[in-house]
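Participant: 3D, please:
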Amino acid sequence: MDQASQRLFIEQRLGTGAEIVCSAAQANYLNNVLRLGPGAEILIFDGINGEWLAEIAEARKGRCRMKVLRQVRPQIEGPDIHYLFAPLKRGRLDYMVQKATELGVAALRPVMTRRTVASRVNLERMRSNAIEAAEQCGVLRVPEVAQPESLDAVLSSWDSERLLIYCDEAAPVASPIAALGEMDAGPLAVLCGPEGGFDEEERAQLSKQTFVRPISLGPRVMRADTAAVAALALVNAVLGDWR
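Facilitator: Residues are numbered from 1 along each chain as shown. This next block holds a predicted model:
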């Protein structure tokens with residue numbers, strides 16, 4: 001088996017010699033999908049203590065038990081970037097969560113705006129998508145999934161030490177790279193609005209906050225899920241861990 005191609009996120013804290021009892025879904029995946037039996041090895045991670053090599057000690061119907069052998073990668077935290085977004089319809093939200101996870105965000109924070117299309121957010125599904133993306137792309141950190149909040153609540157309780165960068169087609173500086181180059185690296189957050197954009201009152205509310213900076217995403221109009229990828233890539237390149 002190509003170990004590097006198979007990774008599993010484990011809720012239990014990992015360490016040499018630890019025994020892991022897999023969930024029913026994980027046991028089914030290992031036993032019936034991957035068809036792994038006792039003695040097979042797989043990479044596992046817990047989002048906190050890096051990546052580990054584990055050996056399957058027991059595999060039978062509905063049950064799988066593993067023993068942790070050794071650490072193969074230390075924990076890599078990634079950039080301190082929160083991603084705030086107006087919830088989207090199911091398929092686009094799944095895509096956005098997966099890509100934001102691959103781009104290394106530390107937290108996913110749904111924000112309800114006046115033009116938000118989706119009125120409900122399935123946080124469990126969001127977390128499952130984040131875990132699956134981390135498993136598949138080699139990321140060691142699974143982003144925190146926060147409860148939805150209104151834009152008013154987000155702004156009123158904001159930690160001013162964390163710069164909030166929001167995507168605004170009317171940003172005064174046309175080049176996002178130039179705009180980002182004027183900002184300091186540190187704790188950051190990126191905010192993308194709904195498909196219809198922020199309304200005028202919301203834009204005015206954002207513009208008067210001292211911790212908010214607008215950036216343009218260029219001359220083309222993007223779907224909200226595409227804007228997420230573009231914005232996070234730009235921020236990572238200029239202020240994050242792609243520098």
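
Participant: mind checking how far the nearest residue to Ala86 once chain neighbours are set aside is from Glu149?
Facilitator: Of all residues not flanking Ala86 in the chain, Pro194 sits nearest, at 3.7 Å (C-beta to C-beta, 6 or more residues apart in numbering). No exception for glycine: its C-beta is placed from N, CA and C like everyone else's. Look at Pro194 and Glu149: by C-beta to C-beta, to the nearest Å, they are 15 Å apart.

Participant: what's the answer for Val105, then?
Facilitator: Val105 sits 17 Å away from Glu149, going by C-beta to C-beta.

Participant: which helices and strands sit right next to the strand or helix carrying Ala233?
Facilitator: In this structure, Ala233 sits in helix 224-238 according to DSSP states H and E. Helix 224-238 is packed against strand 81-85, helix 90-102, strand 163-167, helix 176-181, strand 188-192, with contacts defined by 3 or more C-beta pairs under 8 Å, 6 or more residues apart in numbering; DSSP states H and E.

Participant: Redo the ones you listed as CSV? Include mean pLDDT, distance to Arg13 and mean neighbour count.
Facilitator: Converted to CSV, the helices and strands packed on helix 224-238 look like this (pLDDT from 0 to 100; distance: least, C-beta to C-beta, whole Å; neighbours: other C-beta atoms under 10 Å):
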stretch, mean pLDDT, distance to Arg13, mean neighbour count
strand 81-85, 97, 24, 24
helix 90-102, 94, 21, 20
strand 163-167, 95, 32, 22
helix 176-181, 94, 37, 16
strand 188-192, 96, 28, 25
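
Participant: Please identify which of Pro194 and Glu149 sits among more neighbours.
Facilitator: Of the pair Pro194 and Glu149, Pro194 is the one with more neighbours under other C-beta atoms under 10 Å, namely 21 against 16.

Participant: quick one: contacts for the residue nearest to Ala86?
Facilitator: Pro194 makes contact with 86, 88, 113, 115-117, 224 under the criterion C-beta atoms under 8 Å, 6 or more residues apart in numbering.

Participant: Return the item of those having minimum pLDDT.
Facilitator: Checking pLDDT across those, the minimum falls on Val117 at 82.

Participant: who's in contact with that one?
Facilitator: Taking C-beta under 8 Å, 6+ apart as the contact definition, Val117 lies against 86-89, 194-195.
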